[in-house]
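Student: structure of the sequence below:
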Amino acid sequence: DGQKMSKSRGNVVNPDDILVEFGADAFRLYEMFMGPLEMVKPWNTKGVEGVYRFLGRVWRMFIDEETEKVFDQQLTISRDKGPELLAQLKVSVDVVEIEPTPEQLKVLHTCIKKVTEDMEHLRFNTAISALMVFTNEASNWDLRPVSILKDFLLLLAPFAPHIAEELYSKTNDTENTIAYCPWPIFNEEFLVESSIEMAVQVNGKVRDRLQVAVDLGNSEIEKLALNSENVKRHIDGKKVKKVIVISGKLVNIVAV
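Tutor: Alright, predicted model coming up:
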């Protein structure tokens, strides 16, 4: 109802209850994700559930599902064995020591740049959004390079230090803690676009979308557009009167 928390109003949320249900990382993450630091924000426990699910996706991006099932089953029997059971969890077979692809490097360095700049200006909520975007992208990769995921954990650590440290220990052969690792530096070379998407219109209606090299000339783009199967169907039996190429945006074909 927009009122401030107050004992007299009976609307106080006990932080200890949130910690028990969702954990310290989710509680910490939600408080920084609520909005700009200088603004007053309304508390919403469902928001904690949202960032808790995000941390779950991060966890599943690293950990093998089968060993996690065993962990969950044994943990329900004895919670006292939590630390011992954590040590038995294995990293997913999809997390491997391979060279990252240019696309993976682009996703990572876009995230590094965004999180670094936002943290410098105390925009924690948008920095966390960038981490969520990375997780959505990386979760769909067939193979996830260890080097990429380690840098991601360095970005996550200021917001969710406990889960970041635990996952870092799983992917790291040494005894080093994530707290003493240097902050990742983004490389502008990996952010350069090698191709762009251009819409192809026929008489004002979008009929196709093309991925073209950024340095491709207008005449070559025109040929690609006219050779598109979808475009051919819509200009069949018509005469192409004009082709307008707007660099980096669209191709407009006028057919009568």
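
Student: what pLDDT, on average, does the host helix or strand of Asp118 get?
Tutor: Using DSSP states H and E, the element containing Asp118 is helix 102-120. For helix 102-120, mean pLDDT is 93.

Student: between helix 102-120 and the next helix or strand after it, find me the angle.
Tutor: Once helix 102-120 ends, the next helix or strand along the chain (criterion: DSSP H and E) is helix 124-138. Put simply, helix 124-138 runs at 170 degrees to helix 102-120, going by axes from the mean of the first three to the mean of the last three CA atoms, to 10 degrees.

Student: which secondary structure elements does the helix or strand just after helix 124-138 contact?
Tutor: Per DSSP H and E, the first helix or strand lying C-terminal to helix 124-138 is strand 144-145. Other helices and strands packing on strand 144-145, by 3 or more CB pairs under 8 Å, 6 or more residues apart in numbering; DSSP states H and E, are strand 95-96. Quick note: C-beta positions are derived from backbone N, CA and C, even for glycine.

Student: strand partners of the strand it packs on, parallel vs antiparallel please.
Tutor: Here strand 95-96 is paired, per DSSP bridges, with strand 144-145 (parallel).

Student: residues making contact with the strand it pairs with?
Tutor: Strand 144-145 is contacted from outside by Met61, Ser92, Asp94, Val95, Val96, Glu97, Ile98, Glu99, Pro100, Gln104, Ala138, using CB atoms under 8 Å, 6 or more residues apart in numbering.

Student: same list, those, but as JSON lines with neighbour count and distance to Lys223 please.
Tutor: Output for the contacts of strand 144-145, formatted as JSON lines (neighbours: other CB atoms under 10 Å; distance: CB to CB, whole Å):
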{"residue": "Met61", "neighbour count": "19", "distance to Lys223": "42"}
{"residue": "Ser92", "neighbour count": "17", "distance to Lys223": "44"}
{"residue": "Asp94", "neighbour count": "13", "distance to Lys223": "40"}
{"residue": "Val95", "neighbour count": "22", "distance to Lys223": "43"}
{"residue": "Val96", "neighbour count": "11", "distance to Lys223": "40"}
{"residue": "Glu97", "neighbour count": "8", "distance to Lys223": "43"}
{"residue": "Ile98", "neighbour count": "13", "distance to Lys223": "37"}
{"residue": "Glu99", "neighbour count": "8", "distance to Lys223": "35"}
{"residue": "Pro100", "neighbour count": "20", "distance to Lys223": "34"}
{"residue": "Gln104", "neighbour count": "20", "distance to Lys223": "32"}
{"residue": "Ala138", "neighbour count": "20", "distance to Lys223": "36"}
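
Student: now these in a markdown table, with distance to Phe27?
Tutor: Output for those, formatted as a markdown table (distance: CB to CB, whole Å):
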| residue | distance to Phe27 |
| --- | --- |
| Met61 | 21 |
| Ser92 | 27 |
| Asp94 | 29 |
| Val95 | 27 |
| Val96 | 33 |
| Glu97 | 34 |
| Ile98 | 35 |
| Glu99 | 38 |
| Pro100 | 33 |
| Gln104 | 31 |
| Ala138 | 24 |
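
Student: among those residues, which one sits closest to Val243?
Tutor: Of all these, Gln104 has the smallest distance to Val243: 36.1 Å, by CB to CB.
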